[in-house]
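Chemist: Predicted model follows, preceded by the sequence.
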Amino acid sequence: MSDDRGDSRAWDWDSPQCRAQLDEIFFRPHDYIQAGSPEHKEFWAFFERFQRFKAKRDMFGSRAANKRDPHESKKKRSDSQAVDLGLPKEYDARYRINVSVCTRDVEERLGVSEHRQRSTSSGPGKQEVADCRLALLHFLDFTQKQSFGKLAKLKREQKSLPIFQYRERIVELVRTHSVVVVAGDTGCGKSTQVPQYLLSAGFSHIACTQPRRIACISLAKRVSFESLNQYGSKVGYQIRFESSRTPVTKLLFLTEGLLLRQIQQDPSLSQYQVVIVDEVHERHLHCDFLLGVLRSLLAMRPDLRLILMSATINIKLFSSYFGHAPVLQVPGRLFPIQVIYQPIPPEEQSSRSEKLDPRPYLRVLQGIDQRYPPEERGDLLLFLSGVAEISTIMEACQTYATHTRRWIVLPLHSTLSLAQQDKVFDIAPPGVRKCIISTNIAETSVTIDGVRFVVDSGKVKEMSFDPKAKMQRLQEFWISRASSEQRKGRAGRTGPGVCYRLYAESDYEAFAPYPVPEIHRVALDSLVLQMKSMDLGDPRSFPFIDPPPASSIQTAMTYLREQGALDARGELTTIGRLLAQLPVDVVIGKMLVLGSLFNLVEPVLTVAAALSVQSPFLRSAQHNPDCSTARQPLHSNQGDPFTLLNTFNSWVQVKGERGSGSRKWCRRRGLEEQRLYEMVNMRRQFKELLRSHGLVETEESSVSVQDRSQRRERLSERQRLHQLKREHDLQENSRRKVLRLEEDPENAGSSGSDEEGGTGRGKKRKEDTGSNLDIQEVKFKLRHNVNELQEAAAAGQDLSSWQQALLKLVLCRGLYPQLALPDEHNATRKDSEQVFHTRNKQGVVIHPTSVFASDPEVLHVPEHESSEFGADKGQSNRHQLLAFVTLLETNKPYLSNCVRVPALQALLLVANSVDSNADCTRLVVDGWLELSVSDAEAALRVLSSALTLRTEWERLLQAQLSQGGPGSTAGLGLAGPKPSRRDLEKLAEGLVRFLLYTEVSYSLRRLTALQSQNLYIGPQQDSGLPDSQNLNPLFPGMKTEPDPIKGGLRVSSYFTYNCLSDSKDLYSECLRTFWTCPHCDLHMPLTPLERMQHEATCRPAGEQQPEQDAESGKAESSSSSSSLTRLYHCDVCNKDLTLTSTEILKHKRQHLQ
Amino acid sequence: MGTAVEGTVRGMFTCEVCDLSSPFTYYGQKPPNTRAIVLLEECFVMKDPFSPDKERFLILGSKCSLCNKDVCVGTDCSLFYTKRFCLPCVRQHLDQFPQQVQSELAKKKPVQKTS
Ligand SMILES: [Zn+2]
Ligand SMILES: [Zn+2]
């Protein structure tokens, strides 16, 4: 440009070398902006724009401006009064910048004498350094303006929220009342603003509950962002697996369930000053319960402030429940919405089994296309009842969309991956509308801006519990008027809207006013368990806001008793107390506890975690042959939990070897990786829970093994990951993508060959951000140590058949009584027509996703092994049962997540009720399964060893449970001796041997209703029963007595002998058979009961007796020995003797000889 | 390293023209950790909440060099031309500003307080 550039002709702004030289002046490691950072890249991009702009200005603008300037300012100067601002006469954009960059380095280069510059001909000259500095100043000014713009926008938005007008009133009400109800519809800003108003008014220790975990995270992020991170870590969240809470946290978003758990630990909730319960109108189970608990807590904590936040639904209910608490109602910001009733004509209505007819929905799309020009923006939100309905309608709309090119169709429901859900927030290109087809998730929990049209099917699918069939049911219902209004409102958030109701106005008027609260629909097991552990008295008299029917509570109590969590009086058992503290289903909790007893912790943790999250197997991939082939090695025909275990373990290996390459691995197999991430998190939380209860040992930290350089490496890796996460979090808030018409949403997740980004979105994101950042991978690495996980997975991967059997037993006992019996005719039926029966529901089928749906033969009794004729009909040793996790009725009652177990063996080891006839050849389990063993000798042997194993299992389990940790009874000095490793190994071996190698032929069938009714002989008046003195305890500490209802003899809590109605006289001589004890030299004719008595106390010589005797002899000789011995009156000697059962038998034998 | 701009809140900054208010963590010409950067006026500064980097600063506003009112850096409230001027003051002395500034201002209408 000018002459002095002549010397540095070699200078080239585009050359990386030249730029690097300037980097050494301006962007050194200790400078504000460092070379290599994202900002540094942005600077050079800015620099290029800036140079172009300058060049343009030099050519045109500047001359004209410069000419006029001095002239004009001279003229005006004379008019001006008094003050001289002393402004420079010549305009220069640089005067507009309030920052300056000066270091000695820069000054030196600018001030240095010309000749030194010349000597280094290739270096940047004075001019270049000046140019660069000027650009840097402009760049700094530009970034300041950018950030300030965002700040100003944020502040503007906050002020424009409807609730903003009420901020002082809200604070005032909270100061003066212990309970305040804030009612306002979504979009009024209550969830984000109310906590902020309280914070800035000086309140602290605020808890804000949310029904959904995801809302906790996003609200914490949003509020922290809106308050400009000025509170830093002072705004946090805490959910099941994640917590950002620190000691300085002032505002905590958490789930309702978690707050309840905190009350469990800290009954006065002293850690909080304010509790906000948000979305109370949704009436979730936990929320209703929480309100009840908080109400009674307020009496204890008059200083506590409680704020209920609700949509404008049924506000009176909440206010009056809390003694007519003041209500602050915030008007929503809704534009007028036109309602059009468009009931579906009869010929287009589908019956329950048929697919939905898409025509009424397509008509709405067509209507919109005809009536509204494409340039008038506005998206459509369509409410359907469920996922199947969504895919039906989506298919039809997609066809229409492809044809018209005016729509982008997107599904929205909770089983989609988060990335897919997120897509509904992206923007449609000009002239194209989004058509979002959603479940009721978009009614309250997901808010999408820009919706102008709503189509409401009027239907919703809700989960309910059928206590009779012990079954969950997903049923379709008409929605309530409140829901209907809520759906309508979604059309008027950003402008006037239209709501098409696909039902008649008369239907609307017949709708219930409000949805049925969850507490009236679902199984209350966990709730009752929690109430019990919180000492809230009789659950039937708890003052719920809207009490559930007493029968539901009764059902739950019965179930918990069956599960062993409550005792006969309805009080918590040891295991029940522990289960109440685990935030999982009772069955999952049982698995964890049982697994911790044996050396099975790692696989049990994985299985429990896998069963607690949604299945990672994508339904859409099931019909993709490539996926099926790739999945094959993961399948286990032992059952779905084993398939899940294999899948998880293989994934962890891939993760360890290939890092984010696991994404591709998952796509090939049709797996939703998000679920696997959830599993890792849940697994870890379970482990911590078990550890805190002393159920697994604290492992020595592996950190000590690493050397310093490894530690440092890990540290710097973590810093890098944290940085990545921060950048991601910031982008998340701002960037919204423009959708593309060509994208085929049907493809999402199902394409196995796609290299990167199986969803169209993945690809787009990659291009846009210029990096292939897998945020899940980053979070995963931050949270978990892959090496440790790999070790754990390896431990679970190569389970021996021995461990596998034990794991099965643990799962089965955990799941009990959720057992299903294969129908006897299954072997002759088609694969698709296999039928099963549970105790309470006949004719259930296996869910198509289960491994047994595709491989039912493994459940059949091999033909050559079962006799088809005569008395032996159906006799086999290969009968199996399915233990299942869920029984859910949708269009059919389906069993999901099943494990197969050997029937007789498993039942004898886990069932709550086993009844026998006199010679134990007929056994009835839980009053519905009948097992007939043809060989009486074998029957007795099996039963006897099952009884022995169970006693030992129970003893060791109780010993393990009494170990405890914080919150257990251990602190009270009740901790007994830890179960010895040797005992545990012996038990495990015994159980596995019993499960795998018991050779006994039997038939298995379900009793008819009539048979079940006339099962027992009932109480007998003294009929040949010897006096109770003679009913010796079979097992130490256990009383044998006549069963008052069934008749026969109660031998243990689960086994009643000789009570079945075909039974014979208890001591009838014909039942005596000669028997030789394998352990002692006893040989004599014994009744079955006598024989079992002997076996219970006689152990192999030198194995058990000495140890136990020594132990009991030292410590508690009187009580222990008395449980083994009893008073025996011998008629022959006419003497009273104190003997053990074995000794009695030996004594009797003397007289026989 | 420890004393990033994040630091403790020193007070609330409120623009006397538009009412925008926000806490600030530093007031002066040399915010911490800005290295070679110096501000040419005394500014109310906070940590930039929009940058992933913890040490970025954000200038909220400063005092008008004429009337000494606190004004934000928003272009509707103030401008910087070797010194900070709130727009009301600029309007009063418009003739002393160069043509570029005058024509810029002519396009703007005075903002009302929103609250
Ligand atoms: Zn302002
Ligand atoms: Zn002023």
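Modeler: Now that the structure is in, tell me what you want to look at. Ligands and ions are numbered 1, 2, ... in the order given.
Chemist: Output the contacting helices and strands for the strand ranked longest in chain B.
Modeler: Using DSSP state E, we find that the single longest strand of chain B is strand B:57-63. Applying 3 or more Cβ pairs under 8 Å, 6 or more residues apart in numbering or on different chains; DSSP states H and E, we find strand B:57-63 packed against helix A:126-160, strand B:43-47, strand B:70-72. All C-beta atoms are positioned from the backbone trio N, CA, C, and that covers glycine.
Chemist: C-alpha coordinates for it, CSV please?
Modeler: Extracted C-alpha coordinates of strand B:57-63, given in CSV (Å, rounded to 0.1, in the frame of the first residue of the first chain):
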residue,chain,number,x,y,z
PHE,B,57,-13.7,-10.7,31.4
LEU,B,58,-16.8,-8.8,30.3
ILE,B,59,-17.1,-5.0,30.6
LEU,B,60,-20.5,-4.1,31.8
GLY,B,61,-20.2,-0.3,31.8
SER,B,62,-18.5,2.7,33.3
LYS,B,63,-19.1,6.2,34.4
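Chemist: Now do the helices in the stretch 351-500 of chain A.
Modeler: A:359-371, A:387-404, A:418-422, A:441-444, A:481-489 (DSSP state H, counting those that start in this stretch).
Chemist: For stretch A:546-562, list every residue counted as buried.
Modeler: Within stretch A:546-562, the residues that count as buried by 16 or more other Cβ atoms under 10 Å in any protein chain shown are A:547, A:548, A:552, A:553, A:555, A:556, A:557, A:559, A:560, A:561, A:562.
Chemist: Likewise for stretch A:999-1013?
Modeler: For stretch A:999-1013, using 16+ other Cβ under 10 Å, the buried residues are A:1000, A:1001, A:1002, A:1003, A:1004, A:1006, A:1007.
Chemist: next one: stretch A:923-935
Modeler: A:923, A:924, A:925, A:926, A:927, A:928, A:929, A:930, A:931, A:932, A:933.
Chemist: what's near enough to touch the second one?
Modeler: Right, residue A:924. By Cβ atoms under 8 Å, 6 or more residues apart in numbering or on different chains, the contact set of residue A:924 is A:914, A:915, A:916, A:930, A:931, A:1007, A:1015, A:1060.
Chemist: 7 Å instead, please
Modeler: Taking Cβ atoms under 7 Å, 6 or more residues apart in numbering or on different chains, we find residue A:924 in contact with A:915, A:930, A:1007, A:1015, A:1060.
Chemist: Am I right that the second one falls within a strand?
Modeler: Right, residue A:930. Yes. Under DSSP: H, G, I helix; E, B strand; the rest coil, residue A:930 sits within a strand.
Chemist: rewinding a little: what is the most widely separated pair among the buried residues of stretch A:546-562?
Modeler: A:547 and A:562 (23.9 Å; Cβ to Cβ).
Chemist: Now do stretch B:37-44: everything it contacts.
Modeler: Contacts of stretch B:37-44 (Cβ under 7 Å, 6+ apart): A:32, A:98-102, A:140, B:13, B:24, B:27-30, B:59-63, B:83-84.
Chemist: okay, the angle between the longest strand of chain B and helix A:126-160?
Modeler: 80 degrees (axes from the mean of the first three to the mean of the last three Cα atoms, to 10 degrees).
Chemist: Mark which of the buried residues of stretch A:999-1013 are part of strands, please.
Modeler: Among these, DSSP E puts A:1002, A:1003, A:1004, A:1006 in strands.
Chemist: Make CSV from these and add distance to chain B to it.
Modeler: Below are these laid out as CSV (distance: Cβ to the nearest Cβ, whole Å):
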residue, distance to chain B
A:1002, 68
A:1003, 69
A:1004, 64
A:1006, 64
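Chemist: Find the residue closest to residue 51 in space, skipping its chain neighbours.
Modeler: No chain was given, so I picked chain A. residue A:13 (6.8 Å; Cβ to Cβ, 6 or more residues apart in numbering or on different chains).
Chemist: My question was about chain B, not that one.
Modeler: Residue B:51 sits nearest to residue A:147 (Cβ to Cβ, 6+ apart), 7.0 Å away.
Chemist: Pull the contacting residues for that neighbour.
Modeler: Contacts of residue A:147 (Cβ under 7 Å, 6+ apart): B:48, B:50, B:51, B:58.
Chemist: Tell me the residues of chain B that contact ligand 2?
Modeler: Counting by Cβ under 5 Å from the ion, chain B comes close to ligand 2 at B:64, B:66, B:67, B:86, B:89.
Chemist: Do I have it right that the third one meets residue B:86?
Modeler: Yes. The pair residue B:67 and residue B:86 passes the contact test of Cβ atoms under 7 Å, sitting 6.3 Å apart.
Chemist: Quick check, pLDDT for residue A:224.
Modeler: Per-residue pLDDT puts residue A:224 at 87.
Chemist: Repeat that for residue A:1039.
Modeler: 60.
Chemist: Next: residue A:468.
Modeler: Residue A:468 is given a pLDDT of 81.
Chemist: ok, now how distant is it from residue A:381?
Modeler: Computed as Cβ to Cβ, to the nearest Å, the residue A:468 to residue A:381 distance reads 38 Å.
Chemist: Spatially central residue in chain B, please.
Modeler: By Cα atoms, centre = their mean, the mean C-alpha position of chain B lies nearest to residue B:61, the distance being 2.0 Å.
Chemist: Give the bridge partners for that one, please.
Modeler: With DSSP bridges as the criterion, residue B:61 is bridged to residue B:44, residue B:72.
Chemist: Can you say which helix or strand has residue 33 in it?
Modeler: With no chain named, the answer covers chain A. Per DSSP states H and E, residue A:33 falls between elements, in no helix or strand.
Chemist: what sits against the residue nearest to the centre of chain B?
Modeler: Under the contact definition (Cβ under 7 Å, 6+ apart), the residues listed for residue B:61 are B:13, B:15, B:44, B:70, B:71, B:72, B:73.
Chemist: Repeat the analysis, applying 8 Å as the threshold.
Modeler: Counting by Cβ under 8 Å, 6+ apart, residue B:61 has contacts B:13, B:15, B:43, B:44, B:70, B:71, B:72, B:73, B:77, B:78.
Chemist: and what of residue A:13?
Modeler: Counting by Cβ under 8 Å, 6+ apart, residue A:13 makes contact with A:19, A:47, A:51.
Chemist: from those, which single one is nearest ligand 1?
Modeler: residue A:47 (30.4 Å; Cβ to the ion).
Chemist: Report pLDDT for the residue nearest to that closest one when sequence neighbours are not counted.
Modeler: Nearest in space to residue A:47, with sequence neighbours left out and distances taken as Cβ to Cβ, 6+ apart, is residue A:135 at 4.8 Å. As predicted, residue A:135 sits at a pLDDT of 93.
Chemist: cool, residue A:269 as well?
Modeler: 94.
Chemist: What of residue A:189?
Modeler: For residue A:189, the model assigns a pLDDT of 88.
Chemist: Ligand 2 versus the closest residue to it other than its chain neighbours, what's the distance?
Modeler: Spatial nearest neighbour of residue A:189, chain neighbours left out: residue A:161 (3.5 Å); criterion: Cβ to Cβ, 6+ apart. Computed as Cβ to the ion, to the nearest Å, the residue A:161 to ligand 2 distance reads 31 Å.
Chemist: burial measure for residue A:161, as a count.
Modeler: 19 (other Cβ atoms under 10 Å in any protein chain shown).
Chemist: Is it in contact with residue A:186, as I believe?
Modeler: No. Taking contacts as Cβ atoms under 8 Å, residue A:161 lies outside contact range of residue A:186: 11.7 Å.
Chemist: about what we covered before: with distance to ligand 2 added, can I get the buried residues of stretch A:999-1013 in JSON lines?
Modeler: Converted to JSON lines, those look like this (distance: Cβ to the ion, whole Å):
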{"residue": "A:1000", "distance to ligand 2": "99"}
{"residue": "A:1001", "distance to ligand 2": "102"}
{"residue": "A:1002", "distance to ligand 2": "98"}
{"residue": "A:1003", "distance to ligand 2": "99"}
{"residue": "A:1004", "distance to ligand 2": "94"}
{"residue": "A:1006", "distance to ligand 2": "91"}
{"residue": "A:1007", "distance to ligand 2": "94"}
